[in-house]
Each structure stands twice: as C-alpha cells, then as structure tokens.
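Asks: let's see this in three dimensions:
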Amino acid sequence: MIFYLFMRAYVRTVLFFYFKKLKVIGLENIPKNEAVLFVANHENALLDSITLACTNNNRAYVLSRASIFNNPLIKKIFNALRMIPIYRIRDGWQSINKNNEVFRACYKLLNNKQSIIIFPEGDHHLNRRVRTLSKGFTRIVFGALENYKDLQIYIVPVGINYDSHVAYPQSISLYYGKAFLANHFYDAEEVHRSTRQLIAKTSDELKKLTVHVEDLTTYEATISKLKMYHPDFLNPLETNNLLNNLNKKLPLKPMKKSTNLGYQIIFILVILGSWLPFLIWKLLKPQINDPIFIGTFRFGIMVSLVPIFCLFQSFLIYLFFGLNMSIYFMVGCLSLSFLLKWMPHRYS
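Replies: Purely as a prediction, here's the structure:
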C-alpha cells in the first residue's frame, strides 16, 4: 500500500509536468463507497490507463492487456500499482481461459466495494471516435451480480480526449459521466438481451463524453473539414456540436499566432539540462512502429530517466560547486519544465 501511494503521488506529479493541460471534469459523478466500474475509450495506449488511474480518488484497479506483463520485474511493479492483466484472442486461445480467474478476482473486488477501470474497445486507436465495445465488461458486471445477489454496481463512463495524440507537449481532458446502475440492465433469463442493452447504453454515454465521428467511411474528410474551424478537442460537447453542424456554413475562427523565439530558447535550455534522456528518446523513437505508443514511451522516459539524470547532475554540481548551486540547478530544471507547458505542441 505504501509503495502504491508513493508511486501514485509520484506519477501524478510527473503527469502535471508532462501535460500542457490536464482537465478533469465530473469527479462529483463518482459514487462513494460503492462498487464502480469505470468504462473508458482508448486512444493512447498505456498513457490512458496511467492518467485515468491517477486522476480519480477511488484508487481503482486497472485491467490492462496481458502482453505488457511479460517481463517479471515489470509484472511485479504493475501488480503493486493495482494493474491486472486481461487476455485477448491475439494472446492465444489458451490464454483466454486465464480470463476466468481474472473475472473471478474482479467479482470479489466489486463485492468489496472496490473500483475497476476497463477499456472495452479492446484495443487502442488514434481515431476520434468510439468504436464497437466488446462484451467483456458486461461479463464482469453480470458475473458479479450472479455471484453476489445483493451487490449494486455502478457504471461510470469516462471520455478521454487529446488535443494531439503524438505531438509534445500534448493536452488531455477526462470527462466523468453520470453514474448509472448496471443492475437495471441485468436479467438472468435474458443475458444476451441484457448484454446488448448495457453495451448500447454505455456506448451512447461515451459518445457524449469524447469527440466522436460516426461515419467511418468519410472519417478523414470529416476530420479535415473539422480542423478548418480550429476545434477544441478537449471539449467534446462543443466539438461534437460542431461536427453535427459541419454541413452548415459556419464562420471560420482565426488561427492564433504565437511567438516562437521564447519557446525555442526554453526548449533548448531544457534539452541542455536533460541531453542524455533526450538523446535516448531520439534513438528510441524510430524503433516505435505504432505511433500510438509514442506518448507512452515518451512519458516512460520522463517518469524514469529524466528525474534520475537531473538528480545525478545536481549531485555532481553539489560536489564541485556546493549545495546552493545544486539547489539552483534543481529549481531551474523544475521551472523550465513548468514553462514547457505553454509551448505550442510542435516537438515529437
């Protein structure tokens, strides 16, 4: 528990510096002292899980794809951080049977009034739309209700929105929707119908909480037209309203101009202070085949290598120039990292 609380606090601090903006809306919608299943869209690999787990006060368990648990050391760390492996067909048909044990563990967690985070789209993606939800989350809900007759389970839909999926510094908004009782959808005699209805209800709620382009066949054209109006992708309510009115003649918003010289100087100073992690990132980035993992790997470097390297440099400065210079250096690093939050996201 101490390790979990420490890591959660540490990761929340890094998230503050990593994101240009981190908006959390609707925390008051989360039921207290109840069994809660957070159901979210999935647009940015492990970064979604980390951000969602660290921005609500329920200290939720996170269902994550099993492949990230392959390394024994990583598995121990993830387990300590309340992350639970969930197996998919691509992990092998034999692995799917392991989900039965995972589901039973989830039943017990919910019966103990714990919270669980799940991404029922089944995989991450870069499109601004809610994809078809898999029925895995309904199996958890209905299985728990079948095993614990008096249990009440609340579904809290969460919309995750990014201004950019790969550029840096990026911004994110999380919209917690109104909770609804899953019990109202459960009929032991009509499980298939119950499943369809719960999936439809959850999907409809998610489409309100994240930017959603319904027609996939015209997706690229729709996004291109949408960007002409410089939408605020962090505000799904406003942007979805704009999407619904794209066929009308709307006034174009002027593009805000920014002075880049100051940002360039800040960026160069930051690179000088963390040149080794930056070099490692530049060597690593071309090896990332799927662009959806760019944010996750970049955050991984920021949460691990950057602090270690800054502390190491601070220690060296202390040895050669004394404590005061070492403190000034650390304060300078933190200040520059904070100023990066106002930089236009042009660096990847």
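Asks: give the next helix or strand downstream of the helix or strand containing Val24.
Replies: Assigned by DSSP states H and E, Val24 belongs to strand 22-25. Going down the chain from strand 22-25, the next helix or strand is strand 35-40, by DSSP H and E.
Asks: for that next one, which outside residues touch it?
Replies: Contacts to strand 35-40, defined as Cβ atoms under 8 Å, 6 or more residues apart in numbering, come from residues 30, 48, 52, 56, 58, 60, 110-111, 113-120, 133, 137, 140-141, 144, 151-160, 179, 182, 202, 206. Placement of C-beta: from N, CA and C, glycine included.
Asks: on that earlier part again, quick one: list the elements packing against the strand holding Val24.
Replies: Applying 3 or more Cβ pairs under 8 Å, 6 or more residues apart in numbering; DSSP states H and E, we find strand 22-25 packed against strand 172-176.
Asks: so what are the sheet partners of the strand it packs on and their directions?
Replies: strand 22-25 (parallel), strand 153-162 (antiparallel) (DSSP bridges).
Asks: below-threshold pLDDT in this structure: ranges please.
Replies: 66-69, 71, 73-74, 88-96, 249-263, 342-348 (pLDDT under 70).
Asks: and the strands in the stretch 1-150 of the chain?
Replies: Applying DSSP state E, counting those that start in this stretch to the stretch 1-150 of the chain gives strands spanning 22-25, 35-40, 61-65, 83-86, 115-118.
Asks: can you list the ones you listed in TSV and add distance to Asn100?
Replies: Shown next, in TSV, are the strands of the stretch 1-150 of the chain (distance: least, Cβ to Cβ, whole Å):
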stretch	distance to Asn100
strand 22-25	34
strand 35-40	18
strand 61-65	14
strand 83-86	12
strand 115-118	16
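Asks: coming back round to it: most packed of the strands paired with strand 172-176?
Replies: strand 153-162 (a mean of 24; mean count of other Cβ atoms under 10 Å).
Asks: got the angle for that strand vs strand 35-40?
Replies: 30 degrees (axes from the mean of the first three to the mean of the last three Cα atoms, to 10 degrees).
Asks: how distant is strand 153-162 from the center of its chain?
Replies: Here the centre of strand 153-162 is set off from its chain's centre by 11 Å, with Cα atoms, centre = their mean, to the nearest Å.
Asks: so what's the most centrally placed residue in the chain up against?
Replies: In the chain, the residue lying closest to the centroid (Cα atoms, centre = their mean) is Asp48, at 1.5 Å. Contacts for Asp48 were tallied using Cβ under 8 Å, 6+ apart; they are 40, 42, 119, 124, 160.
Asks: among these, who's most crowded?
Replies: Within the contacts of Asp48, Phe119 tops the neighbour count with 27 neighbours, counted by other Cβ atoms under 10 Å.
Asks: mind checking the end-to-end distance for stretch 268-278?
Replies: 11 Å (Cα to Cα, to the nearest Å).
Asks: show me what the helix or strand that contains Leu237 packs onto, helices and strands only.
Replies: Per DSSP H and E, Leu237 falls inside helix 236-244. If you count contacts as 3+ Cβ pairs under 8 Å, 6+ apart, helix 236-244 packs onto helix 191-209, helix 219-227.
Asks: buried residues of that helix, list them for me.
Replies: Neighbour-count burial for helix 236-244 flags 236, 239-240, 242-243 (criterion: 16 or more other Cβ atoms under 10 Å).
Asks: chain center to stretch 265-278: distance?
Replies: Centroid separation between stretch 265-278 and its chain, computed with Cα atoms, centre = their mean, is 26 Å.
Asks: identify each buried residue in it, please.
Replies: 266-267, 269-270, 273-274, 277-278.
Asks: may I see the residues you listed organised as TSV, with secondary structure and distance to Val36 added?
Replies: Compiled in TSV, the buried residues of stretch 265-278 are given as follows (DSSP: H, G, I helix; E, B strand; the rest coil; distance: Cβ to Cβ, whole Å):
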residue	secondary structure	distance to Val36
Ile266	helix	41
Phe267	helix	41
Leu269	helix	43
Val270	helix	39
Gly273	helix	41
Ser274	coil	38
Pro277	helix	37
Phe278	helix	40
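Asks: ok, Arg139 touching Phe103?
Replies: Yes - counting by Cβ atoms under 8 Å, Arg139 does reach Phe103; the two are 6.3 Å apart.
Asks: still on that earlier bit, so what touches the strand holding Val24?
Replies: Strand 22-25 has contacts (Cβ under 8 Å, 6+ apart) with 15-16, 51, 55-56, 171-176, 234.
Asks: centre of the chain versus it, how much separation?
Replies: 12 Å.
Asks: ok, stretch 223-231 next?
Replies: Distance, centroid of stretch 223-231 to centroid of chain: 24 Å (Cα atoms, centre = their mean).
Asks: now do the end-to-end distance for that stretch.
Replies: By Cα to Cα, the extent of stretch 223-231 from end to end equals 10 Å.
Asks: surely Arg131 and Glu121 touch.
Replies: Yes - counting by Cβ under 8 Å, Arg131 does reach Glu121; the two are 4.7 Å apart.
Asks: circling back: wait, which of the strands of the stretch 1-150 of the chain is closest to Pro72?
Replies: Among these, the nearest to Pro72 by Cβ to Cβ is strand 83-86 (12.9 Å).
Asks: got the CA positions of that closest one in CSV?
Replies: Taking Å, rounded to 0.1, in the frame of the first residue of the first chain, the C-alpha atoms of strand 83-86 are listed here in CSV:
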residue,chain,number,x,y,z
MET,A,83,-2.9,-3.3,-12.7
ILE,A,84,-4.5,-6.6,-13.7
PRO,A,85,-3.7,-8.5,-16.9
ILE,A,86,-6.6,-9.2,-19.3
